[in-house]
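# How does the following fold in three dimensions:
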Amino acid sequence: MKLWLAPLLCATSLPGQPPKVRLPDEATGIEGIARTLVSAFDQADIVALGEAHQRKPDSDLRIAVVRHPDFAKKVRFIEVEFGSTTEQSTLDRYIRGENVSRSQLAQVWKTTTPYPPAARQAANGIWDDPVYPAFFAAVREVNSKLPADARIRVFGGDPGPGDNRSRETAAVAVLKEQVLQKHGKALVVYGAAHFYRNAPAEYLASMGQDIGIVRMLEVDYPGRTFAVIPVGGPVHLPPGITLNIYPDYQKFDSALKTKVRPVLVSLQQSPFRDFTAEEFLGGGVFNCRGGRGCVSMFKGSTLTLGQIADAIVYFGGEAAGSAPVKPGQ
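This next block holds a predicted model:
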């Protein structure tokens, strides 16, 4: 059983409107969703594609996006959570196709910020998973077929040793300096919670500068970022934790016309926009601060999915007709 307790990203609403990206009612399957996300760059400069850490379906989707034949024609930059700012030269050499040993490449993700920040061990317990080097390898392969002046550059957005910025401050600085100020476009891949447009305001005081990457971008570049998060899959809870509400994925299934999973849907349309974040996101992000155990980030919140992101990739339940996994199961 794998569980990642992401830090809370909480704040009140900020000015700015999401880009008016026109989506089909239902984009289905990995290839169909990838094609739709690539087309979203016609209307947005940043596509923020959230992931559930270490999950292969999320990996398959982002690799399909970068392999789409139109991606490199529209997008020249990618920023990832699983790479450090201080190992950018190593990542650049690898992505360009130069000879980089596996041990050298591994420093790209092994030198990321300890997660949670108070921990003494680096985040490589997560990023050592094969899905992350597989993504770098996919971009390298795409670049091998492109002329040098048309290749994609991948940025590590997590502050490594000697970079004293907070995690999201560093990520946003890279996007501003390397992409937005140069009128470029970028795919950004981080844990989905970093892309929430809203979160319960009562947690804001504990977050310092890191109020969410999309929220921070909205301050200086409103309406330029399209936030997409995953919903569905198994809910695994740590021992001793219960949720007030367990996700009823039949609400999604009955509202969708297609039976194909995954499926991409806009959160501007009913009924998906009105589903509560507590029900469908509450089992994945916890507040474990304060010595009182871990509590769902959205416990008691009335925020809806439509207030959290612009679109979702719905992966379905753990299995067709199955119930979420509760503690002890």
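# Tell me the bridge partners for Leu264.
Ala27, Val313 (DSSP bridges).
# Break down the protein into its strands, ranges please.
For the chain, the strands defined by DSSP state E occupy 27-28, 46-51, 77-84, 153-158, 186-191, 225-231, 263-266, 286-287, 295-296, 311-314.
# check contacts around the residue nearest to Val80 when sequence neighbours are not counted.
Spatial nearest neighbour of Val80, excluding adjacent residues (C-beta to C-beta, 6 or more residues apart in numbering): Val189 at 4.9 Å. The way it works is simple: take the backbone N, C-alpha and C, and place the C-beta from them, glycine included. By C-beta atoms under 8 Å, 6 or more residues apart in numbering, the residues touching Val189 are Leu49, Glu51, Arg62, Ile78, Glu79, Val80, Glu81, Phe82, Phe135.
# Let me have the residues you listed in CSV, adding distance to Thr304 and neighbour count as columns.
Formatted as CSV, these follow (distance: C-beta to C-beta, whole Å; neighbours: other C-beta atoms under 10 Å):
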residue, distance to Thr304, neighbour count
Leu49, 21, 26
Glu51, 22, 24
Arg62, 26, 23
Ile78, 30, 25
Glu79, 28, 25
Val80, 29, 25
Glu81, 26, 26
Phe82, 30, 26
Phe135, 31, 20
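# in stretch 19-39, what counts as buried?
19, 21, 23, 26-30, 32-39 (16 or more other C-beta atoms under 10 Å).
# Next: stretch 294-312.
Within stretch 294-312, judged by 16+ other C-beta under 10 Å, the buried ones are 294-298, 301, 303-312.
# Bridging across strands, which residues link to the most centrally placed residue in the chain?
Closest to where the C-alpha atoms of the chain average out (C-alpha atoms, centre = their mean) is Gly50, at 1.8 Å. Bridge pairing for Gly50 (DSSP bridges) gives the partners Tyr190.
# Give me the distance between it and Val189.
To Val189, Gly50 is 8 Å away according to C-beta to C-beta, to the nearest Å.
# show me where pLDDT drops low in the stretch 151-300 of the chain?
202-206, 238, 289-292 (pLDDT under 70).
# the helices in it, which residues?
Assigned by DSSP state H, counting those that start in this stretch, the helices in the stretch 151-300 of the chain fall at 167-178, 213-220, 250-255, 277-281.
# Go through these and pick out the most buried.
helix 277-281 (a mean of 24; mean count of other C-beta atoms under 10 Å).
# Show me how far that helix is from its chain's centre.
16 Å (C-alpha atoms, centre = their mean, to the nearest Å).
# what comes into contact with it?
By C-beta under 8 Å, 6+ apart, helix 277-281 touches 229, 231, 244-248, 296-305, 307-308.
# mind exporting it as CSV, just the C-alpha atoms?
Taking Å, rounded to 0.1, in the frame of the first residue of the first chain, the C-alpha atoms of helix 277-281 are listed here in CSV:
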residue,chain,number,x,y,z
ALA,A,277,-13.8,18.4,-2.7
GLU,A,278,-14.2,16.7,0.7
GLU,A,279,-15.8,13.7,-0.9
PHE,A,280,-13.6,13.2,-3.9
LEU,A,281,-10.2,14.7,-2.9
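# so what pLDDT did the residue lying closest to Trp127 once chain neighbours are set aside get?
Using C-beta to C-beta, 6+ apart and skipping the chain neighbours, the partner closest in space to Trp127 is Trp109 (3.6 Å). Trp109 carries a pLDDT value of 97.
# residue contacts, Arg167?
Applying C-beta under 8 Å, 6+ apart, the residues near Arg167 are Thr113, Pro117, Asp158, Pro159, Asp210.
# Next: Leu180.
Asp45, Ile46, Leu217, Tyr221, Arg224.
# Of those residues, which pair is most distant in space?
Asp45 and Leu217 (9.4 Å; C-beta to C-beta).
# any shared contact partners between these two?
Joint contacts of Asp45 and Leu217 (C-beta under 8 Å, 6+ apart) are Leu180, Arg224, Thr225.
# With adjacent residues omitted, what lies nearest to the second one?
Spelled out, it's Arg224. Closest to Arg224 by C-beta to C-beta, 6+ apart is Asp45, at 4.4 Å.
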